[in-house]
Every structure is written in structure tokens, then in C-alpha cells.
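Take a look and give me a structure for this.
(chains A and B)
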There are 2 protein chains.
Amino acid sequence: MIEKVIENWHRHLKGEFPGGLDELLADDVVFYSPIVFTPQKGKEITKMYLGAAGNTLGGDGKQAGGGESTFRYTKEILSGNHAMLEFESQVDGKYLNGVDIISCNAEGKISEFRVMIRPLQAIHATHKAMAAMLEKMQGSRG
Amino acid sequence: MIEKVIENWHRHLKGEFPGGLDELLADDVVFYSPIVFTPQKGKEITKMYLGAAGNTLGGDGKQAGGGESTFRYTKEILSGNHAMLEFESQVDGKYLNGVDIISCNAEGKISEFRVMIRPLQAIHATHKAMAAMLEKMQGSRG
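Purely as a prediction, here's the structure:
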């Protein structure tokens, strides 16, 4: 089950999955940020966090300034309803290593999305960039 | 291959694997800290880091003050030569969520051990505790 989900996730990142996150995510999906303790519950807030993470980490191929994205997945482990995708990127010129831990439900929708990153300097750079990005996204809605 | 390695890893954490880390780790194992950028190369330095992490995160069932360990693995994904073990614990009274990403070589020895943790407050608490622990361990050697 998770194989198809991850295939669609990669298609989404390339902009080749028509349904996008609305199709990929379960309504009651929970997002666990690398920074914040509190689980973020629901599709809308998860879409916002994944959007901000994509823009910050270069996961969607776009970066501030229009530069080439440095984001790439380096390891993939799939089993049962769980997947682990390890990645490398750069934030604010600093090397970043991270992991997406993704679980799906019986309907093949993503029910849990957990992100962890290392090392400390990348965490601090991400924290700063994500805060600015979320503020901008929320500002442009209101 | 990785299944047997992880079985032995769990036995080691319970103190039931006679060979210990000397038997589990490859001579050229590389440890990637959640905090530090620089990869730590070789069996001796990796043993020191895993020992410090065990004492800090309660992974070996011991905690400063002799309290009950709160460490527990919450998710396990194994595939090919890679494993991902997600865990929860407490450091300095703060909730910690982390992942061990373990790879083995063709001889069934651990060749790579990578740790990432979240959220930010747990990273800071771990940073502080690990630094104190490593200083103590290095001090007791010299």
C-alpha cells in the first residue's frame, strides 16, 4: 500500500500529480514538525506546513532567488504502511540532512507525516526560514 | 540481512548480546550525530557516541538518578540493508522523539548509524546532556 503512496508523493514533488496534496492526504492527517512539539492536526494545517517546508528546503524544486534546488532523497525504506525517506539539502548555505517518516491509512491516504532534521546548525537555519515562510503564507491569506 | 542485525541490536540494549558493540559494529562504521555536522568515523568513536547517547536518552535502561527509563521504540521499518527505528523518550523532563537510521554491510555489521531528533526543545536538552556526558567519559579516560 505504501509503495503507491510514495510513488504519488514523488510525482507530486515533480508537479506531475494532478490531485496534489488534497488527493494525497487523509482528512485527519497529523503533521509532526522537526521544530514544534505540538502535533498539527488536519489537512489544511498540514498542507500549509508541507508547503512551507517545500519552499524552505527546496523540496518542490523552487528556491528563494530562483536558484537550482539542492534537495534530493538519499535513502528510501518502505514496509507495510510506513515509509522513511532520507534527504539532503541546503538551507541558508548550510548542509541539511533529514527524514520524512510517512504512514498511510487503509484507504491509501497519508495519515501521518513526521519530519526530523540534523545537524544543529541546519535546524536553527530551518527554524528561522520556516517561521518567516509561515508568517508570509498566513499574511497573504488574511 | 538487516533483520538479524536489528534483532541483535535489541538484545544488546537489553544487555543480552554477549559481543556488545564490538561485535555489532563494522571497523569502519560512521556515526552521524543529531547535533554535530562532522561524521564520526571508526568503531571507537562510534562506541563512545552510542554510549553517551544511551546514557543520555535512557536507551540502555539506565538514567542519571537511577530512575526508570522512559525510552521505547515506537516504529520499525526494515528493508534490504537499511533499518529505521523511531523512538520516544524524555531528556531533562522534556518529550523527545527520534529515529535511528541503521545500515549494515555484506558481513552483517553496522556500517552506518545516524540519529535525528525532534522537537527543538528536546534537541537543546540533548545537546546539553550529551556534551556533559562526553566530557565526563573523555575525562575518565585521560
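
Tell me what angle the helix ranked longest in chain A forms with helix B:120-141.
Using DSSP state H, we find that the single longest helix of chain A is helix A:120-141. For helix A:120-141 against helix B:120-141, the angle between stretch directions is 170 degrees (axes from the mean of the first three to the mean of the last three CA atoms, to 10 degrees).

which helices and strands sit right next to helix A:120-141?
The contact analysis (3 or more CB pairs under 8 Å, 6 or more residues apart in numbering or on different chains; DSSP states H and E) places helix A:120-141 against helix A:43-57, strand A:82-91, strand A:94-104, helix B:120-141. Quick note: C-beta positions are derived from backbone N, CA and C, even for glycine.

List the buried residues in the helix or strand following the first one.
On the C-terminal side of helix A:43-57, the nearest following helix or strand under DSSP states H and E is strand A:72-79. Within strand A:72-79, the residues that qualify as buried by neighbour count (16 or more other CB atoms under 10 Å in any protein chain shown) are A:Tyr73, A:Lys75, A:Glu76, A:Ile77, A:Leu78, A:Ser79.

Let's have the helices and strands packed on helix A:120-141 in JSON lines, adding mean pLDDT and distance to B:Arg11.
JSON lines is the format used below for those (pLDDT from 0 to 100; distance: least, CB to CB, whole Å):
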{"stretch": "helix A:43-57", "mean pLDDT": "89", "distance to B:Arg11": "37"}
{"stretch": "strand A:82-91", "mean pLDDT": "96", "distance to B:Arg11": "23"}
{"stretch": "strand A:94-104", "mean pLDDT": "97", "distance to B:Arg11": "25"}
{"stretch": "helix B:120-141", "mean pLDDT": "86", "distance to B:Arg11": "24"}
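
can you tell which of those is closest to B:Gly19?
helix B:120-141 (21.1 Å; CB to CB).

Only C-alpha atoms, please: export the closest one in PDB.
Extracted in PDB, the C-alpha atoms of helix B:120-141 (Å, rounded to 0.1, in the frame of the first residue of the first chain):
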ATOM      1  CA  LEU B 120      13.700  21.800  19.200                       C
ATOM      2  CA  GLN B 121      13.400  21.800  23.000                       C
ATOM      3  CA  ALA B 122      14.500  18.100  23.100                       C
ATOM      4  CA  ILE B 123      17.400  18.900  20.700                       C
ATOM      5  CA  HIS B 124      18.700  21.600  23.000                       C
ATOM      6  CA  ALA B 125      18.200  19.400  26.100                       C
ATOM      7  CA  THR B 126      20.100  16.500  24.400                       C
ATOM      8  CA  HIS B 127      22.800  18.800  23.200                       C
ATOM      9  CA  LYS B 128      23.500  20.000  26.800                       C
ATOM     10  CA  ALA B 129      23.300  16.500  28.300                       C
ATOM     11  CA  MET B 130      25.400  14.800  25.600                       C
ATOM     12  CA  ALA B 131      28.200  17.500  25.900                       C
ATOM     13  CA  ALA B 132      28.300  16.900  29.600                       C
ATOM     14  CA  MET B 133      28.300  13.100  29.200                       C
ATOM     15  CA  LEU B 134      31.100  13.100  26.500                       C
ATOM     16  CA  GLU B 135      33.200  15.400  28.600                       C
ATOM     17  CA  LYS B 136      32.800  13.100  31.600                       C
ATOM     18  CA  MET B 137      33.600  10.000  29.500                       C
ATOM     19  CA  GLN B 138      36.700  11.600  28.000                       C
ATOM     20  CA  GLY B 139      37.800  12.900  31.400                       C
ATOM     21  CA  SER B 140      37.600   9.400  32.900                       C
ATOM     22  CA  ARG B 141      39.800   8.000  30.200                       C
END
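
Thanks again, I'm all set now.
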